[in-house]
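Participant: could you work out the structure for the sequence below:
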Amino acid sequence: MGVTQDRANSKLSLAENVYRELFKMIGSPEYKIGEIIPSGNDLAKQFNVSRPTVNKAIQQLKVEGFLEGRPGAGTVILSKPLTSKKDLVFGLIFPMSGMEGFFTPLAQQIIASSESHGFKVIWGGQFAENTLDAVNGVESMADFYIDQQVSGIFLSPRKHVKNSKEVTEALLNKLSAANIPVVLVDDDYVEFPGCSTYDLVTIDNFRAGYRLATHFLDQGVERIDFITKRNSGSAVFLRLHGIQCAMLDRGIIPSPAWIHEIDESMKNVGQMLKAKGAENIICHNDMEAVKLLQKLLEELFKVPKDFRLAGFDGSQLSAQVSPRLTTIEQPCVILAEYAIELMKERIKRPASLPRRIFSDFNLLERESSKYSV
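Facilitator: Numbering: from 1, shown residues only. Predicted structure coming up:
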């Protein structure tokens with residue numbers, strides 16, 4: 001057995017394909033709980049991939065509680081997928097671009113809560129949300145979860161492309177036809193002020209934008225610029241409007257010229273921003289803020305002397321850069337608990353009205369936004 005051709009062509013990574021083959025293997029009647037699976041080297045030969053690729057797939061199955069490494073014995077099967085039709089098994093569909101920041105700790109928290117809440121989590125892979133391959137990747141993940149008869153899916157909608165709404169609707173229709181409930185996480189797929197008919201768990205993004213802008217305004221600034229990407233979604237729209245509302249409440253009329261779409265290929269970004277009068281900058285998430293910070297430092301600008309920066313999400317990376325990044329921290333533990341409770345309630349009462357939960361957040365004030373040093 002190797003990685004089958006249809007899976008290899010699914011636009012997923014090799015590790016994701018190997019994960020699916022291993023998931024299928026340990027769920028087959030050939031393997032029992034407590035049995036040792038083949039070694040990493042044997043699996044690498046079997047799937048015609050590298051050992052690190054196999055290790056990545058095995059590690060994911062360990063995190064999900066299906067496998068366990070035992071010194072001197074090897075990797076054994078702790079539990080089997082879908083051991084009973086009564087088992088609750090949930091899947092995740094999260095964007096690859098967010099896994100470095102917000103979605104990795106959120107996914108880890110959902111998995112960590114699985115035992116106490118009586119469910120299992122399986123992983124169908126990630127999608128690159130702003131590429132053509134994203135459509136195929138999302139379709140493949142949906143097919144995988146439908147094949148596994150999962151009880152529900154936690155979904156973060158695709159963004160940063162014009163057809164994101166249509167792609168997400170097609171995915172949701174496919175899952176709905178298979179009677180698989182969905183809880184949206186982080187953002188709705190319908191542009192504000194509209195809203196979808198799905199359960200949603202997120203932070204209060206408008207208030208978060210307002211709070212972060214107030215942090216700058218309290219230091220006496222009279223202008224805040226915003227860095228975003230095209231087609232960023234409702235959450236980013238609400239963050240921007242929170243920022244603009246905070247300025248209006250201080251008697252500052254925001255200008256459209258203070259909103260910038262920065263492309264990763266752009267050169268001399270710092271010089272461009274400085275020429276436009278930008279100094280106090282909020283980015284739509286931490287990843288964009290860190291990328292901007294790196295560009296500014298490469299151009300020999302000093303942060304926070306020449307520019308003051310902040311982001312959203314509270315990612316680990318925001319505390320690892322220098323200077324450390326001021327950010328809005330999303331409470332992953334609380335969001336995961338809300339998402340799980342919504343999912344379990346949706347399974348019990350499929351026809352109930354959709355609910356939208358807006359969690360609180362934390363402002364982490366750090367060096368990147370200090371007006372005087």
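
Participant: gap between residue 321 and residue 69?
Facilitator: 33 Å (C-beta to C-beta, to the nearest Å). No exception for glycine: its C-beta is placed from N, CA and C like everyone else's.

Participant: revised request: answer the last question for residue 234.
Facilitator: Distance of residue 234 to residue 69, given as C-beta to C-beta: 42 Å.

Participant: of the two, who's got more company?
Facilitator: Neighbours per residue (other C-beta atoms under 10 Å) separate residue 234 from residue 69, with residue 234 holding more: 22 against 11.

Participant: any idea how far residue 301 is from that one?
Facilitator: For residue 234, the distance to residue 301 - C-beta to C-beta - is 32 Å.

Participant: hey, which helix or strand in the protein has the poorest pLDDT?
Facilitator: Every helix and strand of the chain was ranked by mean pLDDT, DSSP states H and E. The lowest is helix 5-8, at a mean of 42.

Participant: tell me which helix or strand comes right after it.
Facilitator: helix 14-26 (DSSP states H and E).

Participant: so which elements touch that following helix?
Facilitator: Packing contacts for helix 14-26, counted by 3 or more C-beta pairs under 8 Å, 6 or more residues apart in numbering; DSSP states H and E, involve helix 5-8, helix 40-47, helix 51-63, strand 119-127.

Participant: most neighbours per residue, which of those?
Facilitator: strand 119-127 (a mean of 23; mean count of other C-beta atoms under 10 Å).

Participant: how near is the closest residue to residue 217 other than its chain neighbours to residue 264?
Facilitator: Leaving out its chain neighbours, the residue that sits closest to residue 217 by C-beta to C-beta, 6 or more residues apart in numbering is residue 250, at 5.4 Å. Distance of residue 250 to residue 264, computed by C-beta to C-beta: 33 Å.

Participant: what sits against the most centrally placed residue in the chain?
Facilitator: By C-alpha atoms, centre = their mean, the mean C-alpha position of the chain lies nearest to residue 103, the distance being 3.2 Å. Listed by C-beta atoms under 8 Å, 6 or more residues apart in numbering, the contact partners of residue 103 are 94, 95, 156, 186.

Participant: quick check, the first one in a helix?
Facilitator: No. Counting by DSSP: H, G, I helix; E, B strand; the rest coil, residue 94 falls outside a helix, being strand.

Participant: check what pLDDT the residue lying closest to it once chain neighbours are set aside gets.
Facilitator: Leaving out its chain neighbours, the residue that sits closest to residue 94 by C-beta to C-beta, 6+ apart is residue 103, at 4.3 Å. Predicted confidence (pLDDT) for residue 103: 84.

Participant: and for residue 65?
Facilitator: At residue 65, the pLDDT value in this model is 84.

Participant: roughly how far does it sit from residue 268?
Facilitator: Counting by C-beta to C-beta, the gap between residue 65 and residue 268 amounts to 49 Å.

Participant: low-confidence ranges in the stretch 1-150 of the chain?
Facilitator: Applying pLDDT under 70 to the stretch 1-150 of the chain picks out residues 1-12, 82-86, 96-101, 125-137.

Participant: any idea which element the residue located most distally from the centre of the chain lies in?
Facilitator: Residue distances from the centre of the chain (C-alpha atoms, centre = their mean) peak at residue 72, which lies 36.5 Å from the mean C-alpha position. Using DSSP H and E, residue 72 is not contained in any helix or strand.

Participant: which residues in the stretch 151-300 of the chain form strands?
Facilitator: 152-155, 182-185, 199-203, 225-228, 259-261, 280-283 (DSSP state E, counting those that start in this stretch).
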